[in-house]
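K.L.:
Show me how the following folds:
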Amino acid sequence: MKLIGEDMIQITTRDSLPVDAADSVLAGRVWRPEVNGPSIVTLRGRDVFDITCEAVTTISDLCALPDPAGWTRTATGEKIGTVDDVLANADEAARNQQLPWLLAPVDLQAVKASGVTFIASLMERVIEEQAHGSPDMAHKIRAEFEKLIGGDLAALKPGSERAAALKESLMKSGHWSQYLEVGIGPDAEIFTKCQPMSAVGTGAYIGIHPASVWNNPEPEIALAVSRDGRVVGAMLANDVNLRDFEGRSALLLGQAKDNNASCSLGPLMRLFDETFILDDIRHAEIDLRVEGTDGFVLHDTSSMSKISRDPLQLVEAALGKTHQYPDGFLLLLGTMFAPSQDRGAVGQGFTHKVDDIVTISTPRLGALRNRVKHCQDCAPWTFGANGLMRNLAARQLL
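P.N.:
Residues are numbered from 1 along each chain as shown. The predicted structure is shown next:
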């Protein structure tokens, strides 16, 4: 990836698709200007085929099939272009509105997220809370907490007797936190990240609230779960987070997480089959790179093997006997990234600046790229479930 001038991101097949794309079963969504709506697509070599049909009108329908990967592999469809052309049109700043471009590869599914699933991010959530959203206080508090509990937390199994003992000890000393409760307690944090169909795809602008002065990307893997609770695929995700908002009060979680264009997904969904299974997610290495127009570069790598709760445990926590998802759901698995590298003044850590380029990648899922803007400068979300149903009906697919 390189910047072209100040306005374009070069998004290519070589650095966006899985390294084993030829053996992958990939599904996604594109906006087709000629039908004024979205279509489900898959790849056949270098070609993109629209496989939308009366039986499978949405990604939600696809995920509900007994064998989504098998159906996608053999589905007939209409060639709408090459993957090179579709990816070349992904960049929102230079997009040709008369040609197809990639959307987030989900539609009617609920978009849920898991919080505090890695020890590294748990520590940063506690620091945010203790700092009351102030980046100036974070450096000192981070050092205090790492000395106090860092070693104990790293070896803890959430919900274990040892975790319960540490909780009791910290409560007595006045150091307990609601983030420690979900990080090492018996119950996982599951929240709604955004509304169905509001997430953006690769190349789109991704939004931060204009009032936020302390925020960061959250590179994650997201699982696609069918309406009957089967995990059928995975994709990359950026769960943009406003650290100052959530740090002031956990009751501001909705405002910290759910803003216009504050969730990106993609570039495509890789369906599970004999070449790609849940264990590949469990052992994935995730790479994060942030490049600013000020010359700042942040680069880090994390391992899903360090997650404190197994992905299937998180799926069970999201579903359970008390929830139903008739359209299925997407579950972001959480991140160990909470960047503390100073970008400006010493001790103030990292925060985004407008026009940062964020790249999240892992070899078996490809790369997800977005440029940071303030939420009001990102395209407003106007095409929801009602628009989708009307569009599909007009195309005689319903």
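K.L.:
now the host helix or strand of residue 238: mean pLDDT?
P.N.:
Remark: residue 238 resides in strand 231-239, with elements defined by DSSP states H and E. Regarding strand 231-239, the rounded mean pLDDT is 98.
K.L.:
low pLDDT regions in this protein?
P.N.:
By pLDDT under 70, the weakly predicted segments of the chain are 1-8, 119-125, 128, 132-133, 142, 144-156, 170, 173-175, 345, 347-348.
K.L.:
spatially speaking, which residue is in the middle of it?
P.N.:
With distances taken as Cα atoms, centre = their mean, the residue of the chain nearest its centroid is residue 237 (2.0 Å).
K.L.:
pretty sure it contacts residue 223?
P.N.:
No - applying Cβ atoms under 8 Å, one finds residue 237 not in contact with residue 223, separated by 9.8 Å. C-beta coordinates here come from the backbone N, C-alpha and C atoms, glycine included.
K.L.:
My read is that residue 130 contacts residue 141, right?
P.N.:
Yes - between residue 130 and residue 141 there is a contact under Cβ under 8 Å: 4.8 Å.
K.L.:
Which of the three states applies to residue 39?
P.N.:
Assigned with DSSP: H, G, I helix; E, B strand; the rest coil, residue 39 falls in the strand class.
K.L.:
re the thing from before, quick one: list the elements packing against the very next helix or strand once past the strand holding residue 238.
P.N.:
Per DSSP H and E, the first helix or strand lying C-terminal to strand 231-239 is strand 241-242. Here strand 241-242 touches strand 215-216, helix 253-257, going by 3 or more Cβ pairs under 8 Å, 6 or more residues apart in numbering; DSSP states H and E.
K.L.:
closest one to residue 269 among the ones you listed?
P.N.:
The closest of the helices and strands packed on strand 241-242 to residue 269 is helix 253-257. By Cβ to Cβ, the value is 21.6 Å.
K.L.:
Run the chain-centre distance for the helix or strand just after the closest one.
P.N.:
Using DSSP H and E, the helix or strand that directly follows helix 253-257 along the chain is strand 263-271. Chain-centre distance of strand 263-271: 8 Å, with Cα atoms, centre = their mean, to the nearest Å.
K.L.:
Stretch 205-221 now?
P.N.:
12 Å.
K.L.:
from here on, count from 32
P.N.:
Sure thing, new numbering starts at 32, so read that last one as stretch 236-252.
K.L.:
got the buried residues for that stretch?
P.N.:
236-240, 243-252 (16 or more other Cβ atoms under 10 Å).
K.L.:
Show me which of these is closest to residue 165.
P.N.:
In terms of Cβ to Cβ, no member of these lies closer to residue 165 than residue 245, at 7.9 Å.
K.L.:
The closest one touches residue 279, doesn't it?
P.N.:
No - between residue 245 and residue 279 there is no contact under Cβ under 8 Å: 10.3 Å.
K.L.:
Which stretches in the stretch 82-231 of the chain count as strands?
P.N.:
109-113, 132-134, 141-146, 220-225 (DSSP state E, counting those that start in this stretch).
K.L.:
State the next helix or strand along the chain beyond the last one.
P.N.:
Read that as strand 220-225. strand 236-239.
K.L.:
Pairing partners for that following strand, with directions?
P.N.:
strand 397-405 (parallel) (DSSP bridges).
K.L.:
Would you mind measuring from residue 382 to residue 174?
P.N.:
Distance of residue 382 to residue 174, given as Cβ to Cβ, to the nearest Å: 20 Å.
K.L.:
Settle it for me: which of those two has more neighbours?
P.N.:
Of the pair residue 382 and residue 174, residue 382 is the one with more neighbours under other Cβ atoms under 10 Å, namely 19 against 12.
K.L.:
For the more buried one, which residues are in contact?
P.N.:
Neighbour list for residue 382: 166, 243-247, 274, 374 [criterion: Cβ atoms under 8 Å, 6 or more residues apart in numbering].
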